[in-house]
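Asker: Sequence and predicted structure are below.
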There are 2 protein chains.
Amino acid sequence: MRRDIFQAIADPTRRAIITLIALQAMTPNAIADNFNTTRQAVSKHLRILTECELVKQQQQGREIYYSLEVEKMKEIDKWLAQFRKIWETRFNQLDNVLATLKKQKR
Amino acid sequence: MRRDIFQAIADPTRRAIITLIALQAMTPNAIADNFNTTRQAVSKHLRILTECELVKQQQQGREIYYSLEVEKMKEIDKWLAQFRKIWETRFNQLDNVLATLKKQKR
DNA sequence: TATATTTGCAACTGATTGGTTTCCTATAGT
DNA sequence: ACTATAGGAAACCAATCAGTTGCAAATATA
């Protein structure tokens, strides 16, 4: 199945689900009520999210509560870190280079 | 076409390309040399990255240099911000909520 | 001017994706 | 025990995707 987090958050519905259950654990039916989708579609998304450990389940009787594995989200943050360095320190250096090139042409 | 950044970074090859050109603009051929792919495959990835404005081109004679639009990467960071709040301040509060629910049912 | 190089673009192919439908199991409530 | 509800799993379908192949346009070089 080879799922990774980046593929998991590629789908807008899945991102919405993540946001939805970030603060409060929810059942598949409750989640589906928030979208224009069927429970089964949500269920499939939840399986993908669970497979890459972005989401964890917690059975409670016949209901299953899904909640966000916030720690896993840090992996995206970790990947972003390398670029954060660039956009923080070398802010508009690229634009400067372009401006310089433009000037030289004239 | 409806491309967004999250879909763009879903592909591992595209993430590698992004990392590669983050520090230095490169031509498609030069980028392809760094992978086990053909130039055309890289070219398609670059088109997708360009479409969602994650990458910008700069023609120089018959060569086209591709470089990262670092500003656009911030959009991912912006989306992550909401969760950063959670993993920084309310560490394992979710488990507490579930534990409380469990207690109330009994 | 003729040839080689760099690149984009379109068409095709096989694999994957999101969604629906259907069926099954397990629990809750009567 | 019976019915209703919650949910997962498999089969299927249309759409999309990544990669390849082939070709055309533009630039460089001889």
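Answerer: Thanks, I have the structure now. The structure displayed is predicted, hence computed values, not measured ones.
Asker: what's the neighbour count on A:Glu51?
Answerer: Applying other Cβ atoms under 10 Å in any protein chain shown, we find 14 residues neighbouring A:Glu51. For the C-beta atoms, the positions are set from N, CA and C on the backbone; glycine is no exception.
Asker: Can you tell me the closest non-neighbouring residue to it?
Answerer: Spatially, and ignoring its direct neighbours in sequence, A:Glu51 is nearest to A:Arg3 (4.9 Å; Cβ to Cβ, 6 or more residues apart in numbering or on different chains).
Asker: same question, A:Val55
Answerer: Leaving aside its chain neighbours, A:Val55 sits nearest to A:Leu49 (4.0 Å; criterion: Cβ to Cβ, 6+ apart).
Asker: Over to that neighbour. Which of the three states is it?
Answerer: helix (DSSP: H, G, I helix; E, B strand; the rest coil).
Asker: So which bits of chain A are right by DNA strand C?
Answerer: Residues of chain A found near DNA strand C (Cβ under 7 Å from any atom of the strand) are A:1, A:3, A:7, A:10-11, A:13-14, A:37-38, A:40-41, A:44-45, A:48, A:61-62.
Asker: measure A:Ala30 to chain B for me?
Answerer: Relative to chain B, A:Ala30 is positioned 13 Å away (Cβ to the nearest Cβ, to the nearest Å).
Asker: Name the single longest helix found in chain A.
Answerer: Secondary structure of chain A per DSSP state H: the longest helix is helix A:70-89.
Asker: what's in contact with that one?
Answerer: Helix A:70-89 is contacted by residues A:5-6, A:9, A:22, A:52-54, B:15, B:18-19, B:22-23, B:68, B:70-71, B:73-74, B:76-77, B:80, B:83-84, B:86-87, B:94 when judged by Cβ atoms under 8 Å, 6 or more residues apart in numbering or on different chains.
Asker: Can you point out the buried residues in that helix?
Answerer: Within helix A:70-89, the residues scored as buried using 16 or more other Cβ atoms under 10 Å in any protein chain shown are A:Val70, A:Lys72, A:Met73, A:Ile76, A:Asp77, A:Trp79, A:Leu80, A:Phe83, A:Ile86, A:Trp87.
Asker: how distant is it from the center of its chain?
Answerer: When C-alpha coordinates are averaged (Cα atoms, centre = their mean, to the nearest Å), helix A:70-89 and its chain have centres 13 Å apart.
Asker: can you give me the angle that helix makes with helix B:70-89?
Answerer: 140 degrees (axes from the mean of the first three to the mean of the last three Cα atoms, to 10 degrees).
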